[in-house]
Every structure is written in structure tokens, then in C-alpha cells.
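Asks: Test case, fold it:
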Amino acid sequence: MEMNEATRNFVRQHADDDVRKLALRGSTDGVDLTVALQQIQGRQAARKKLPSWASQEDILYPPHLNMEQCSSEQTARYKAGICAHQPASTTLVDLTGGFGVDFAFMSEAFDEATYVERNSELFAISSANMKILAPKAKCLNEDGLEVLHRLDHVSMIFMDPARRDSHGGRTYGISDCTPNVLEIKDELLQKADVVMLKLSPMLDWHKAISDLGEQYIKEVHIVSVQNECKELLIVMQQQPAEPLTVYCVNDDSVFSYRPSPISSNHISHLSSLIYLYEPNASIMKAGCFAEVEQAFGVSQLAPNSHLFASEQAIADFPGRKFRVTAVTSMNKQDLKQALKDIRQANITVRNFPMSVADLRKRLKISEGGNDYIFATTLTEGKKVLIICQHL
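Replies: Below is the predicted model of the structure:
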């Protein structure tokens, strides 16, 4: 993709303008309006998603769907960190390059790197960007599978299989993605020291590693941004040197563990436990509740509540932290006493037979404020409200 000077000037002049309003104004002499609007919209999105790219004027941006689907700078930098810790990081091949965000950041950890993208229009944009972002990279406008078949042995292969079917609908299973990694797994492992797969955060990671073969899985990374699960990364190699490690990541918080049979400690009352903890999205996705108990010295309220409590405040717990101010049953008189000074609160239900809306209506409490109410069920089946202040 190329822009003439008139189009470049238009993009500069209207960098902060509403794209929809610009479109209604119609074309301007010498300006390719379609290209200009795509660049303005892309750069505006990049300010939040790819801030270091947005600061560079010569970076080109793809259509909205590609911008929507590409990794954020934060998650791309995390993947670059994984690459930096792999042994013998000399050659990278990204077989599903896309807009190239992951590739650009990951390539910094390697002596040589090859970007592969079969879509010609997307390739034209991304390969032009690589001249700025990864000038040593080799860029191939080819089908990733064809490149794989003729590939010599490399240090790492990265793949982000397409998670949309031919009708544009989302798919989540490994076998439903394009390409089907299960069909080429053996070849991937033969041709690379390490294979990293980026999969849907909706995928059951236990089933994913079972499908791929547990003996090949070195690491599982569950990556969340601002407590929203964004990516599931699976790192594979022919013969993992150590047992599987799972990393639960939420922004700068990382909790890692090696899955093993651990029994949980569920409590039946809250009289002496005055701190409450709600795990972050990656911990919830991993389901590593017993491991969290063991690592932080906390106790689960009940098997299906996924809330924890302790006598002492734990500053580095991977999730939200609260100080308990009161615990009440659902008895009308108990509720009246416990909630007498509360007119608004943030309500969460966990393993509880009412929705937030229904509970809020029953309690006659509006949304917001500094109080937090967790409605949950204890081990013996008792329904309680835990009233807290955020730490």
C-alpha cells in the first residue's frame, strides 16, 4: 500500500477527527479517501492497542477487522518475553503472520526471523511495516503450510491459527481452526526446537493439551489484560526437559505452578477470617484453586464459590483483595441489621441462586459506592452475604 503526499497530508491534518464524519464529506482533490480513512481509524485504534507503533508516522494500518483481531502491544511483548527465555533462540518462523504485531516484537529475540502471510493485501501492509519495525526480517507472501513443508530445522515456529470459519463465524476448537494444528503437529515438532501456539481464550486448556499430546507440552500461558482473558499460549517441544508449567498472567501479575494432585481446604465459617480474595481471570481460567491455597495460605469458602479468605492480609494475591466488615445470613432481620447503613454497593454473586439484578432488587441497594457485597454459598450449603471494603 502506498499513499501519495496529498493523502499523507490529509491523514496528518485529520488524525483526531471522527472517521464517520470525514467519510460524509466526500473526496478531496488528490486524496485517496478510502486509504486515508483506513489509516486514520487504524492509528486511532493503535494509540491504545499499539502505542509505540502509533507514535511512528510511517506505520501503515490494515482494515478494521484486522486491527480488531491483532494482538495488543502488551500481549505481544509478553510473547517476546517467552521467546527470550527459550534456549538457542536463533531463528523464528511465524507461519500465520497476520498484521505482524506478535512477529515484530518476538523477532527481537532472534538472530533471524521469517514472516509468512498468504493474504496479499495484508502482506503488502505488514511487509512495508517490517522494513521499519524488523528490518532484518524475511517476508514471504505464501501459504504457511507450503512454507512449513519445505522448511529446514529452526529454533521456533509460531502459529496463530485463524479462528473464523468460511462464513466468518468464530470457532474455538483446535480442530476447527485453519490450519488444523492437530493434523500438522508432528511436522511442526520435527522442524522446530520449540513450537508456540496462540489459541482462543475460550478453549478448555486441559482438553487442548490432551488433544496435542501432554508429553509434548512444556508451558501453558493464560494471558489476561485488565482482568479479561485474552490469549491461551501453548509452548511445545519434542521432548520437554521438565514437567508442564502453567502461567496465569494478568497485566504485571504472574502466578505459576506445576499441576499435581492437591487437596483443597474448604472452610465452614468466617468468624476469624477477615480478608476476602477474588482470583483474577487467568486463575479462574486455569482452575488452579488448590495451588493458590497452598501458595498463599488462604482457604476456599466452598468448592464452587472460587472465593478465598484468610486471617492476614496478603498483598501479592493474584486478584482483588478485600477486608471483610460483616457477614450476614439471608434472614430478614440479619439483613436489616447488616445493611442498615448501606444504600449503594458493588454486588457479585458466586455459587448463589439469585442474579445480581434480583439480589439488588431484594436488598433495595443501588449500584456503586465503596462497599462490596459478595453473595455466595459456604461448604455446608449456607447462603451468606459478605460485606467488604476494597484494599
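
Asks: pLDDT weak spots in this structure?
Replies: Where the chain drops to pLDDT under 70, the residues are 87-89, 164-172, 241, 262-272.

Asks: for the residue nearest to the spatial centre of it, what are its contacts?
Replies: With distances taken as C-alpha atoms, centre = their mean, K230 lies nearest the centre of the chain, 1.9 Å away. Applying C-beta atoms under 8 Å, 6 or more residues apart in numbering, we find K230 in contact with S72, T75, P201, V223, S224. (C-beta placed from N, C-alpha, C; glycine too.)

Asks: And for P51, nearest residue in space, chain neighbours not counted?
Replies: Among residues not flanking P51 along the chain, E73 sits closest, at 6.2 Å (C-beta to C-beta, 6 or more residues apart in numbering).

Asks: thinking that neighbour is in contact with F105, fair?
Replies: Yes: E73 sits in contact with F105 when judged by C-beta atoms under 8 Å, with a separation of 7.4 Å.

Asks: Same drill for those two, tell me which one is more crowded.
Replies: Taking other C-beta atoms under 10 Å, E73 and F105 do not tie; F105 has more neighbours (23 against 19).

Asks: that's a helix at that one, yeah?
Replies: Yes: counting by DSSP: H, G, I helix; E, B strand; the rest coil, F105 is located in a helix.

Asks: Contacts only, for it.
Replies: E73, A76, R77, K79, A80.

Asks: Tell me where the stretch 51-200 of the chain has helices.
Replies: 51-54, 64-69, 73-84, 101-106, 120-133, 144-149, 181-191 (DSSP state H, counting those that start in this stretch).

Asks: got a markdown table for those, with distance to Q312 too?
Replies: Formatted as a markdown table, the helices of the stretch 51-200 of the chain follow (distance: least, C-beta to C-beta, whole Å):
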| stretch | distance to Q312 |
| --- | --- |
| helix 51-54 | 38 |
| helix 64-69 | 44 |
| helix 73-84 | 31 |
| helix 101-106 | 39 |
| helix 120-133 | 47 |
| helix 144-149 | 51 |
| helix 181-191 | 45 |
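
Asks: quick one, strands of the stretch 251-391 of the chain?
Replies: Under the criterion DSSP state E, counting those that start in this stretch, the stretch 251-391 of the chain contains strands at 253-257, 275-279, 299-300, 308-310, 319-329, 344-350, 366-377, 383-390.

Asks: Paired strands for the fourth one, with orientation please.
Replies: Just to be clear, that refers to strand 308-310. If you go by DSSP bridges, strand 308-310 pairs up with strand 275-279 (antiparallel), strand 299-300 (antiparallel).

Asks: Show me the domain layout of the chain.
Replies: Split into domains by automatic domain parsing, the chain comes to 5-61, 69-257, 275-390.

Asks: Between the two ends of the longest one, how far is it?
Replies: Okay, so that is domain 69-257. For domain 69-257, the first-to-last residue distance is 30 Å (C-alpha to C-alpha, to the nearest Å).

Asks: again with the shortest one
Replies: Start-to-end span of domain 5-61 (C-alpha to C-alpha) is 17 Å.

Asks: for Q39, helix, strand, or coil?
Replies: Assignment for Q39 (three-state DSSP): helix.

Asks: doesn't A46 make contact with Y61?
Replies: Yes: using C-beta under 8 Å, Y61 is in contact with A46, at 6.6 Å.

Asks: Filter the contacts of F105 down to the buried ones, PyMOL style.
Replies: A single PyMOL command selects the buried members of these (16 or more other C-beta atoms under 10 Å):
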select buried, resi 73+76+77+79+80
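
Asks: out of the contacts of F105, who's nearest Q39?
Replies: E73 (18.3 Å; C-beta to C-beta).

Asks: and the closest one, what is it in contact with?
Replies: Per C-beta under 8 Å, 6+ apart, neighbours of E73: K49, L50, P51, S52, W53, V101, F105.

Asks: Any chance of those residues in a markdown table with distance to A338 as columns?
Replies: Below are the contacts of E73 laid out as a markdown table (distance: C-beta to C-beta, whole Å):
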| residue | distance to A338 |
| --- | --- |
| K49 | 43 |
| L50 | 47 |
| P51 | 45 |
| S52 | 49 |
| W53 | 51 |
| V101 | 49 |
| F105 | 50 |
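
Asks: could you pull out the strands for the stretch 101-250 of the chain?
Replies: Using DSSP E, counting those that start in this stretch, strands in the stretch 101-250 of the chain cover 112-116, 138-140, 154-159, 192-199, 217-225, 228-236, 245-250.

Asks: Pipe the ones you listed into a markdown table and attach distance to L273 per row.
Replies: Formatted as a markdown table, these follow (distance: least, C-beta to C-beta, whole Å):
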| stretch | distance to L273 |
| --- | --- |
| strand 112-116 | 51 |
| strand 138-140 | 57 |
| strand 154-159 | 44 |
| strand 192-199 | 37 |
| strand 217-225 | 26 |
| strand 228-236 | 28 |
| strand 245-250 | 23 |
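
Asks: Out of those, the one nearest T348 is which?
Replies: Of all the strands of the stretch 101-250 of the chain, strand 228-236 comes closest under C-beta to C-beta, at 16.0 Å.

Asks: Measure how that closest one sits relative to strand 154-159, angle-wise.
Replies: Per axes from the mean of the first three to the mean of the last three C-alpha atoms, to 10 degrees, the angle that strand 228-236 makes with strand 154-159 is 140 degrees.

Asks: Residues that sit against both of Y61 and A46, list them.
Replies: M67.

Asks: coming back round to it: neighbour-wise, which one of the contacts of K230 leads?
Replies: Top of these by neighbour count (other C-beta under 10 Å): V223, with 27 neighbours.

Asks: gap between it and Y216?
Replies: 20 Å (C-beta to C-beta, to the nearest Å).

Asks: Check D193 too.
Replies: D193 is 12 Å from Y216, by C-beta to C-beta.

Asks: same deal with S107?
Replies: Distance of S107 to Y216, computed by C-beta to C-beta: 24 Å.

Asks: Same check on S127?
Replies: S127 is 32 Å from Y216, by C-beta to C-beta.
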